[in-house]
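Asks: Sharing a sequence plus its predicted fold:
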Amino acid sequence: MSALQLERPVWKTDDHVLFEEEAAKFFKRELAPHVESWREKGCVDRWAWEKAGEAGLLCMSMPEAYGGAGGTFAHEQIFIEQQVAAGIEGFGAALHNCIVAPYIEAYGTEEQKKRWLPKMATGELIGAIAMTEPGTGSDLQAVRTTALKVGNQYVVNGQKTFITNGQTANLIIVVCKTDPKEGARGVSLMVVETDGAEGFERGRNLKKMGNKAQDTSELFFNEVKVPTENLLGPEEGQGFFQLMEQLPQERHQIGVQAMAAIERAIALTIDYVKERQAFGRPILHFQNTQFVLAECKAKATMARTFVDYCTEQLIHGRLDAPTASMSKMLLSDLENEIIDKCLQLFGGYGYMDEYPISRMYADARVQRIYGGTNEIMKLLIARSL
């Protein structure tokens, strides 16, 4: 049990604890030795996905009938926490597991689910979701990518950017307009299988402030032909509403990632200040260090309680959009605040890339932007007042 947790949350069973131990071993044994090479390449090797699939760590919350483990978001949370704790950068399996697969399970036909989900569970298919376009940001109603029906297929044209898993994904849910004259009611979700798809191109693997091992890309769709049966949902125009229904899990997932980073940052810093000497004694012996870490631990303990509460609500289908927005906003803000304070205690070493706290500082910044900016989260919360 983490020192920051008051007690085991109600959703965590003995089976979850065993799974937590196995996930931790997997990340340490199989993936941790390769992080540096992935940072240099800007992309995680495909074999890592296959290894995760063999270990049962992909699509854990999907039903067993579709190749999943039949678990819940509890398993996804544990996976995220152990990945962060092990310092595994760039592995975009949380998006694959918690966002892409749930769209297919929730809105796909039986044929679609049997066709795609088992391959996602093995890592043969790597998922991505293409929402953001140049100039649109969080305004999903304003997307310009189109999927127009021609006979028994759709023809997709448009450009996406900032797409996680963009260089490796071969199953991409594309947010597009099937009726460009409409706003939200013209939005649909189209599944594009990229292997052999003519007119589909991957742009640059974008260079970023942080998340160096994560492939984040531009995607181009030039007259890409997609079968009509790749539409998600029973009819066109459901995409915006589907997005709104699934966003609470996506946003709380970001909160979970932030919580895990907070706990890792504090643990790393406590270890450092116990060893680092200044003026003849460990830095931890100075009152300023004690007060900074005391405040960080107090805030983290309070935040952990809220995160686990939100997870309990999500597992039982009760996590609403305003509360999920609170999770995303509060936790990502706190993540940046605490990692900044922890880095300060490392002094000049905290600014060196070889120290994990430096990388965590750079990686944390985007948490306040993606999944909807924190300013958008405030608007959503305000609407519930």
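Replies: Perfect, thanks for sending it.

Asks: which phi and psi does residue 144 have?
Replies: Note on residue 144: its backbone torsions stand at phi -110, psi -10 [degrees, to the nearest 10].

Asks: quick one: it and residue 186 touch, right?
Replies: No: between residue 144 and residue 186 there is no contact under Cβ atoms under 8 Å: 11.1 Å. Where you see a C-beta, it was placed from the backbone N, CA and C, and this is true even at glycine.

Asks: So for those two, which residues contact both of them?
Replies: 177, 180 (Cβ atoms under 8 Å, 6 or more residues apart in numbering).

Asks: Which of those two has more residues huddled nearby?
Replies: Shown here are residue 144 and residue 186; by other Cβ atoms under 10 Å, residue 186 has more neighbours (19 against 14).

Asks: And that one, how far from residue 226?
Replies: Noted for residue 186: a distance of 17 Å to residue 226, by Cβ to Cβ, to the nearest Å.

Asks: could you show me where the helices are in the chain, in order?
Replies: For the chain, the helices defined by DSSP state H cover 14-26, 35-41, 46-54, 73-85, 93-95, 101-107, 110-122, 239-275, 287-315, 321-346, 356-364, 374-382.

Asks: contacting residues around the second one?
Replies: By Cβ under 8 Å, 6+ apart, the list of residues contacting helix 35-41 from outside reads 44, 45, 87, 88, 89, 90, 212, 213.

Asks: And for the fifth one?
Replies: With Cβ under 8 Å, 6+ apart as the test, helix 93-95 has contacts from 49, 52, 57-58, 76, 79-80, 83, 127-129, 164-165, 253, 257.

Asks: switch the cut-off to 7 Å
Replies: 52, 58, 80, 164, 165, 253, 257 (Cβ atoms under 7 Å, 6 or more residues apart in numbering).

Asks: Backbone dihedrals for the fifth one, please?
Replies: When you say that, I think you mean residue 165. phi 70, psi 20.

Asks: Filter the contacts of helix 35-41 down to the buried ones, PyMOL style.
Replies: In PyMOL syntax, the buried subset of these is picked out as below (16 or more other Cβ atoms under 10 Å):
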select buried, resi 44+87+88+89+90+212+213
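
Asks: Now flag whichever of the contacts of helix 35-41 is closest to residue 355.
Replies: The closest of the contacts of helix 35-41 to residue 355 turns out to be residue 87 (Cβ to Cβ; 11.2 Å).

Asks: and the closest one, what does it touch?
Replies: 32, 35, 356.

Asks: And the pLDDT at the first one?
Replies: The one in question is residue 32. We have a pLDDT of 98 for residue 32.

Asks: got it, and the second one?
Replies: At residue 35 the predicted local distance difference test score is 97.
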